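>>> from the sequence below, what's the structure:
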Amino acid sequence: MAERLRYLGGSEMLFPRGDYRWVDVRRFEVVEPAAAVEVLASLVASPWYDHGYDVPRSDAADPGGRIHGPYKLDAIRASKFNPIDRDRVLARLRMWADLHGPTPQSFSSDLEAFVESVVPVGFDVWELPLLGALARREWGDVVGVDGFHEFVAISPGRNLLNLVVAADD
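Numbering: from 1, shown residues only. Next up, the predicted model:
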């Protein structure tokens, strides 16, 4: 199932110095397009999804921890993702960015442009909701103190996928 995806690379946007929040993006080509739930299942099965986000992003997959952000990987299923409107994604990330007071205008503009580029108009967007205490992994509380926000943007032709995680560590 994970073979349906080919990792294309990633990028991140770090908040200004002294702020431990960031937005991490992992891009994939969907080699074998399918229904959204199948593409999401392929993402969850991908070795690139097995990452705790409590260490810097690497250019190599690091599977084996069986974790994803604050959660045990076994607690995440494609069926748990909910569709979400792109505008709600942008608004939610704006609110999260300003959680401790407004960010500088120049950074706010750069962040908005970055998010808009990885959650393009016309893509279907899915959100991993909060999964609750039973899904949390050991030490999961060190990731996402100010929130763990995960969105998956899938192109209309189902041939591209962007995993967008916004959190802190």
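
>>> going by C-alpha atoms from here, please, whenever you check contacts or count neighbours.
OK.

>>> following the lowest-mean-pLDDT helix or strand in the chain, which helix or strand comes up?
The helix or strand of the chain with the poorest confidence is strand 67-68; it has a mean of 84 (mean pLDDT, DSSP states H and E). Remark: after strand 67-68, the chain's next helix or strand is strand 71-72, criterion DSSP states H and E.

>>> now for that following strand, which elements pack on it?
Helices and strands touching strand 71-72, as assessed by 3 or more CA pairs under 8 Å, 6 or more residues apart in numbering; DSSP states H and E, are absent.

>>> buried residues, the helix ranked longest in the chain. List them.
Criterion DSSP state H: the longest helix present in the chain is helix 105-118. Using 16 or more other CA atoms under 10 Å as the test for burial, helix 105-118 gives S108, L111, F114, V115, V118.

>>> list just the nearest of the residues you listed to G9.
When those are compared for distance to G9 (CA to CA), V118 wins out at 12.5 Å.

>>> end-to-end on stretch 4-24?
Taking CA to CA, to the nearest Å, stretch 4-24 runs 22 Å from one end to the other.

>>> any weak-confidence spans in the chain?
Within the chain, the stretches with pLDDT under 70 are 1-2, 55-60, 63-64, 140-142.

>>> mind listing the strands for it?
Taking DSSP state E, the strands of the chain run over residues 5-14, 21-30, 67-68, 71-72, 82-83, 124-128, 149-154, 160-168.

>>> between the ones you listed, which one is nearest to H51?
strand 67-68 (4.9 Å).

>>> what's the offset of the closest one from the middle of its chain?
12 Å (CA atoms, centre = their mean, to the nearest Å).

>>> over to stretch 92-100?
Counting by CA atoms, centre = their mean, stretch 92-100 comes out at 16 Å from the chain centroid.

>>> for that stretch, list the C-alpha coordinates in PDB.
Only the C-alpha atoms of stretch 92-100 are listed here, as PDB (Å, rounded to 0.1, in the frame of the first residue of the first chain):
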ATOM      1  CA  ARG A  92      -7.000  27.700  11.800                       C
ATOM      2  CA  LEU A  93      -3.300  28.100  11.100                       C
ATOM      3  CA  ARG A  94      -3.600  31.800  11.300                       C
ATOM      4  CA  MET A  95      -5.200  31.600  14.700                       C
ATOM      5  CA  TRP A  96      -2.500  29.100  15.900                       C
ATOM      6  CA  ALA A  97       0.300  31.300  14.600                       C
ATOM      7  CA  ASP A  98      -1.200  34.300  16.600                       C
ATOM      8  CA  LEU A  99      -1.800  32.200  19.700                       C
ATOM      9  CA  HIS A 100       0.800  34.100  21.800                       C
END
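
>>> could you list the residues in contact with that stretch?
T103, E112, D146, G147, A166 (CA atoms under 8 Å, 6 or more residues apart in numbering).
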